[in-house]
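**Student:** only geometry, no sequence info:
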């Protein structure tokens with residue numbers, strides 16, 4: 001959707017997204033982009049992960065704002081994970097890249113960062129309450145390569 005069509009939408013029809021239940025979901029790293037944190041302007045690399053499906057033991061039922069039971073479908077939903085680029089945190093990005101079997105020795109992060117795009121992943125999601133007290137949201141607890 002483009003901005004004009006979003007602005008022309010009836011505001012009363014806007015619905016809060018229903019978060020997924022805690023569990024394991026599968027997907028693919030679709031893209032990456034370089035970002036900055038809002039407060040400290042710390043540079044980082046953000047990976048965009050598009051989900052395909054949930055593990056068989058993950059509950060895909062939820063409730064809408066009116067309390068009605070709904071069946072959730074993770075296919076096509078995008079989650080993001082960010083690795084900040086500081087001297088004290090680069091090891092986390094290195095470990096993430098290495099987990100896909102990519103050799104890192106003698107190679108720059110600039111060369112390595114795009115190499116995980118297209119990789120299949122397993123994502124453990126958790127459901128947490130919003131600090132405002134209004135509803136819940138999902139956090140990524142863990143990302144590992146999918147076998």
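**Tutor:** Great, that's in hand. Every value quoted in this text rests on a predicted model; they were computed, and no experiment measured them.

**Student:** tell me how far the ends of stretch 57-72 are from each other?
**Tutor:** From its first residue to its last, stretch 57-72 covers 14 Å (Cα to Cα, to the nearest Å).

**Student:** Show me what the longest strand along the chain is packed against.
**Tutor:** Using DSSP state E, we find that the single longest strand of the chain is strand 23-36. Based on contacts counted as 3 or more Cβ pairs under 8 Å, 6 or more residues apart in numbering; DSSP states H and E, the elements that strand 23-36 packs against are strand 43-54, strand 78-84, strand 120-129. Placement of C-beta: from N, CA and C, glycine included.

**Student:** try 6 Å
**Tutor:** strand 43-54, strand 120-129 (3 or more Cβ pairs under 6 Å, 6 or more residues apart in numbering; DSSP states H and E).

**Student:** Can you classify the residue lying farthest from the centre of the chain by secondary structure?
**Tutor:** In the chain, counting by Cα atoms, centre = their mean, residue 106 sits farthest out from the average C-alpha position, at 29.2 Å. Applying DSSP: H, G, I helix; E, B strand; the rest coil to residue 106 yields a three-state assignment of coil.

**Student:** hang on, the earlier thing: can you point out the buried residues in the longest strand of the chain?
**Tutor:** 23, 24, 25, 26, 27, 28, 29, 32 (16 or more other Cβ atoms under 10 Å).

**Student:** now do stretch 113-132
**Tutor:** 113, 115, 116, 119, 121, 123, 124, 125, 126.

**Student:** Now the phi/psi pair for the third one, please.
**Tutor:** It stands for residue 116. Main-chain torsions, residue 116, degrees, to the nearest 10: phi -90, psi -10.

**Student:** Return the residues in contact with it.
**Tutor:** 29, 97, 100 (Cβ atoms under 6 Å, 6 or more residues apart in numbering).
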